[in-house]
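> Turn this into a structure:
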Amino acid sequence: AGDGRIYPWGNTWDPTLASTNRTADGSTPAAVPVNAFPGGSTPGGIYNLTGNIAEWVSDWYDPPFYGRPEGTIPDPTGPVSGTQKVVRGGSWDDDPQSARAAFRGANYPQNRNYDHGFRVVEPLTDPDS
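Numbers count the residues shown, from 1 in each chain. So this is what the prediction gives:
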């Protein structure tokens, strides 16, 4: 949201607000329905930016990218090529630090993973237009 929060709900980890490998009750971590942690959504109502299923994004992965000038602009698109794609948000199989939306993991695009998926989004439209 650009307001400096570490997690969608604030800056303190709370295992009752996301599905990661640090469960609140010590149970076995697992993927959960999208609305299983409504308190962990963003103020705008976006669910699971932390944990549950890690999300493939279109950016190529380059470890030092954000240290270069082109990586410091708002919403950089990443390098133009590479061998691995960025994976964000962590999953039910990750620890809280790796489950932040800002965390950049990586994987080869041809790999299938039990804890990776996609977030389908659509631009908001003005109901008056």
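> Centroid-nearest residue for the chain?
Nearest to the geometric centre of the chain sits Gly89, at 1.9 Å (CA atoms, centre = their mean).
> wait, isn't Trp92 in contact with Thr28?
No - contact criterion CB atoms under 8 Å: Trp92 and Thr28 do not qualify, at 9.5 Å. Yep, even glycine has a C-beta here, placed from its N, CA and C like the rest.
> Of the two, give the one with the bigger neighbour count.
Shown here are Trp92 and Thr28; by other CB atoms under 10 Å, Trp92 has more neighbours (22 against 7).
> now that one: how far from Ser81?
Distance of Trp92 to Ser81, computed by CB to CB, to the nearest Å: 31 Å.
> repeat for Asp14
On the measure of CB to CB, Asp14 and Ser81 end up 39 Å apart.
> so Tyr66, which of the three states?
helix (DSSP: H, G, I helix; E, B strand; the rest coil).
> Glu70 - how many residues pack around it?
Counted with other CB under 10 Å, the neighbours of Glu70 add up to 11.
> And the residue lying closest to it once chain neighbours are set aside, how far from Ser58?
Closest residue to Glu70 apart from its sequence neighbours, by CB to CB, 6 or more residues apart in numbering: Pro76 at 6.3 Å. For Pro76, the distance to Ser58 equals 12 Å [CB to CB].
> Between Trp92 and Thr28, which contacts overlap?
By CB atoms under 8 Å, 6 or more residues apart in numbering, Trp92 and Thr28 have no common neighbours.
> circling back to that earlier point, tell me which of Asp14 and Ser81 has more neighbours.
Between Asp14 and Ser81, counted using other CB under 10 Å, the more crowded position is Asp14 (16 against 7).
> Brilliant, that's me finished.
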